[in-house]
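Q: Sequence and predicted structure below; questions after.
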Amino acid sequence: MTGAYSLDEMVDLLALNRPIEGAGNLTMTGKVATLPLREAVTLVVEEWSDDKFRQLSAVIVRHSGPPIRSLEEIMDLYAQAEAAPAS
C-alpha cells in the first residue's frame with residue numbers, strides 16, 4: 001500500500017464483465033456502485049468471495065488519488081476497515 005486512505009471517502013467501484021464467447025477478447029468495464037471506500041472493500045472481499053474473476057478485476061476509483069487495482073491492496077484495506085470503527 002502506498003499511502004493512507006480515508007475509509008469514508010466516496011469512491012466508484014468498477015469490475016470487468018466476463019468475456020462473452022464468440023466476441024473475441026472484448027471485455028467491458030462496468031460501474032458497480034458509488035459508495036464509501038469502507039463499503040467498497042467489504043463488498044469486494046465478502047460479497048464477491050465466491051467469484052475470483054470479479055474480485056481480481058475489481059478497480060476502486062478514488063477522486064483523491066490513484067485507483068486501487070490490486071486485490072492484495074483491497075484485502076489490506078478490508079483488514080483496516082474491520083479494525084477501525086465506522087465514523
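A: Thanks, I have it.
Q: which residues in this protein form strands?
A: 10-16, 29-36, 59-62 (DSSP state E).
Q: correct me, but residue 81 touches residue 43?
A: No. The pair residue 81 / residue 43 is not scored as a contact, 11.0 Å apart, by C-beta atoms under 8 Å. The C-beta positions use only the backbone N, C-alpha and C, and glycine is treated the same way.
Q: Same list, the strands of the chain, but as CSV with distance to residue 49 please.
A: Below are the strands of the chain laid out as CSV (distance: least, C-beta to C-beta, whole Å):
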stretch, distance to residue 49
strand 10-16, 14
strand 29-36, 15
strand 59-62, 17
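Q: Pull out the buried residues from stretch 66-77.
A: 68, 74, 77 (16 or more other C-beta atoms under 10 Å).
Q: Identify those among those that sit within helices.
A: In this view, the buried residues of stretch 66-77 that belong to helices under DSSP state H are 74, 77.
Q: out of the buried residues of stretch 66-77, which one sits closest to residue 39?
A: Nearest to residue 39 among these is residue 77, at 11.3 Å by C-beta to C-beta.
Q: neighbours of the closest residue to that closest one other than its chain neighbours, just the number please.
A: Distances taken as C-beta to C-beta, 6 or more residues apart in numbering place residue 41 nearest to residue 77, at 4.6 Å, with adjacent residues excluded. Counted by other C-beta atoms under 10 Å, the residues lying close to residue 41 total 27.
Q: in this structure, what spans have low per-residue confidence?
A: 1-3, 18-27, 86-87 (pLDDT under 70).
Q: any idea how far the closest residue to residue 32 other than its chain neighbours lies from residue 38?
A: Distance criterion C-beta to C-beta, 6+ apart; nearest residue to residue 32, sequence neighbours excluded, is residue 13 at 4.4 Å. Counting by C-beta to C-beta, to the nearest Å, the separation of residue 13 from residue 38 is 12 Å.
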